[in-house]
Structures are given as C-alpha cells and as structure tokens.
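# Sequence and predicted model, in that order:
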Amino acid sequence: MEAPVSSGDGRVTIFKLDDLLGDSGALTLQALNEPPQMAPWLTPVGKAYRFAATEPFTRTIAFNYLQRDVPEGFEPVLRLYFLPDGGGWQPLDTRLDADENLAAARMPAQANGVYVLAASVELPQLQEGWNLLAYTIPETRTVDVALASIRDDFTAVYQYDPATETGWRIYDNWLQANAPEFAELVNDLPALAYGQSYLIYATQTVTPYLAVPGPQAAVVQGAAATSDGVAGAAAAAPATPLLPAPASQVGTAPAVYYGILVASPGASVVARVGAVECGRAETRPGDDGALRYVLRVASAAQLAGCGEPGTPVEFVVDGSVAASESWSNNRALRVDLAAGP
C-alpha cells in the first residue's frame, strides 16, 4: 500500500514519518465492530482498528473523532491506546487537537495490533509502598471496579474515618479475590467516593486509570458534576474532608488480623503489645459453623505502647497467649487461634 493509509470509513490515517510518499509496508487497516478484550477503565470513542504491516517502520496514527462520541466534559483526557497481539492495552503518547477533533500518536516499532481512541482518567503514578490516592471521579464505585486497572498491583486500601471505633476502614485486595468468607468480615470499605482520599499500598510502581463516569452520574454526594468534566469535578466540594497528608497518617492505621477461632462463642480475644491492650476481636460464626474473628490492632500513633512495624503482638484467648505475630498494617494477615486447655 502507498502512504498515507486510510481506513475504509476515513476516520483513521497512518503516515510513514521518514518517507510520506513511500511504501508504508501496511497490509491491512480494518475497523472493528467491537474492541477485543476492552479494559473496563477505558471508554472507547468511536471504533477500534486492527493494523498489520510487513516492516517495523516509524509511523504515526491519526484518529478523526466525532464530538457526539466523546463523554461529555472528558475530551481533555482522550488518548490513543494500543493492544499488541498477545499483550495488554498500552497508552500512547497522544497529541490532541480538540479544535479539529484530531488525536495522533507515534506507533510502536512493532505496530501490529489494535488501536482505539478512548477516555480514561490517569492518576499520578504510585510508588512501591504507601501512597495517597485522591478519587476524582464524580461517581461512587466499589473498590474492585474503581481500581480494576491496578487489580494485581496493590495489597490494601485504607480510609481514615473517625466515626469508626478504630478510626479506619480497610479493603484487603487478596481477601476479596481469594477468601470471600473472610472478606465479608474484614473488609468494611466497600467503595470509593468522589472527593475523598485513601491510603493504598502498592506492590510496585504503577499508574492507576479510572473509567470516566456514566451518564447517570449527574449529581454525586450533593456536588453537581458540570460540563467541565474533570475540572468541574475537582472544583465541586466533597461531602467530607479529605484525608490528612500521608506522612502523618501512614503509621496511624491499625494492623488487621483475622482467622478461625477454636473456642466457645463467648471467648474473649485480645491483642497485647507488652503489657498494653491494643485491640479486642469481633467474632462471627461462618456458614460452616466455624467461629471467625477479625482483630484491629492499634498503632503506636493511635495508642501509646501499641504497634509499630515488626513489633511482636500477642493474641490472648480467654487469658492465655494463643499466638504471636509481627505488627504490620500493609494488608490483613491470617492468624488462626485456639483457646488453651
């Protein structure tokens, strides 16, 4: 094919950068009815296109989009994404001309795959360890749906909530996916809400992407979402204050432990650091009849003498030490307990 190469509907054009009139090496540029394996945090704008070529030339791909296809207020976050054969969706460095309804990006050297123009909100990159995450989408979503783009890259999310007994709510990612019988007991942070901030523990450097809101999200938590989209959402007042800076809060969150408790239903379970009582367990019978517990162990910042990373925590059942575990608050930990003879 001669360059430039255009799709049959005229919406997409591919240019060979170093020789605009030369052979592009393109075999096909085909519009698809449905994007394959579409990531849930991406909202397609128009169709996706499959491209195949014989040579790894330097190329640019340009999408002409229709304004009616753009989620209202989210044109500034439009970006081109690439799905290589056998891989996952990758964002491309995109040049957007909103006046001309044009988005363009340099294609990868190995360009075979699917391309789509999509809307998604890119959050600041998370570093390995604790991070502050501000949720800027004017739509409340369950944690697993909101953070689907980093599903395998974090252990837990905490939210500071002074209305709770321990001052914090938690969502443990592993539990939700692998041990729902305990997740129901441990996870008391069901969703992320607009205008609120959270602490998240990332297992590696990763960039979260959030899906843009659906048309039903016109008003969220008393704050109107305006036609300015992201800008309007950021300007609207959140329902509750944001979490304080993470430097003063990371060590404050309690450690969370859970497991099977072999004891009478009325047994007491206490967490002790040295001589200081740092938490009492909540117990609940499971569907299988086994007694389960969840225990939030205060940090030293919450209660003097309590947990710090690596500090031994004793689990005392009906007055006898049943187990010991190091204090850690970057995810919920399972410790099965049994009452003494």
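Arrived safely, thanks for sending. Numbering: from 1, shown residues only.
# Going by C-alpha atoms from here, please, whenever you check contacts or count neighbours.
OK.
# and the residue most central in space within the chain, what does it touch?
Using Cα atoms, centre = their mean, the residue of the chain that lies closest to the mean C-alpha position is Leu147, 2.1 Å off. By Cα atoms under 8 Å, 6 or more residues apart in numbering, the contact list for Leu147 reads Pro208, Tyr209, Leu210.
# Please list only the buried members of the residues you listed.
With burial judged by 16 or more other Cα atoms under 10 Å, the buried subset of the contacts of Leu147 is Pro208, Tyr209, Leu210.
# which parts of stretch 101-115 are buried?
So, applying 16+ other Cα under 10 Å, buried residues of stretch 101-115: Leu102, Ala103, Ala104, Ala105, Arg106, Met107, Pro108, Ala111, Asn112, Gly113, Val114, Tyr115.
# you'd agree Pro76 is in a helix?
Yes. Assignment of Pro76 by DSSP: H, G, I helix; E, B strand; the rest coil places it within a helix.
# Burial check on it, number of neighbours?
As a burial measure, Pro76 scores 17 neighbours (other Cα atoms under 10 Å).
# And the one 3 residues further on, by the same measure?
Counted by other Cα under 10 Å, the residues lying close to Arg79 total 24.
# right, and it touches Ala103 too?
Yes. Checked against Cα atoms under 8 Å, the pair Arg79 and Ala103 is within contact range at 7.3 Å.
# Next, Arg151: phi, psi?
phi -50, psi -40 (degrees, to the nearest 10).
# now it: how far from Gly8?
Per Cα to Cα, to the nearest Å, Arg151 is found 37 Å from Gly8.
# For those two, indicate the residue with more neighbours.
Taking other Cα under 10 Å, Arg151 and Gly8 do not tie; Arg151 has more neighbours (16 against 11).
# I'd like to know how many residues surround the closest residue to that one other than its chain neighbours.
The shortest distance from Arg151 to any residue other than its chain neighbours is 7.2 Å, reached at Asp144 (Cα to Cα, 6 or more residues apart in numbering). Neighbours of Asp144 under the rule other Cα under 10 Å: 17.
# Can you point out the buried residues in the helix or strand encompassing Asp144?
Using DSSP states H and E, Asp144 sits in helix 143-146. Within helix 143-146, the residues scored as buried using 16+ other Cα under 10 Å are Val143, Asp144, Ala146.
# now stretch 202-218
Ala202, Thr203, Val206, Pro208, Tyr209, Leu210, Ala211, Val212, Pro213.
# same check, this time on stretch 115-129
By neighbour count on 16+ other Cα under 10 Å, the buried set for stretch 115-129 is Tyr115, Val116, Leu117, Ala118, Ala119, Ser120, Val121, Leu126.
# residue ranges for the strands of the stretch 101-250 of the chain, please.
102-106, 113-119, 121-122, 129-134, 141-142, 154-160, 168-172, 191-192, 197-202, 209-210, 219-220, 223-224 (DSSP state E, counting those that start in this stretch).
# nearest to Ala62, of these?
If you check each of the strands of the stretch 101-250 of the chain against Ala62 by Cα to Cα, strand 102-106 wins as the nearest, at 4.2 Å.
# packing partners for that closest one?
Contacts defined by 3 or more Cα pairs under 8 Å, 6 or more residues apart in numbering; DSSP states H and E place strand 102-106 against strand 59-64, strand 78-84, strand 94-97.
# give me that answer again for 7 Å
strand 59-64, strand 94-97 (3 or more Cα pairs under 7 Å, 6 or more residues apart in numbering; DSSP states H and E).
# Domains of this protein: list them as residue ranges, please.
Domain ranges of the chain: 5-119, 122-248, 254-338, per automatic domain parsing.
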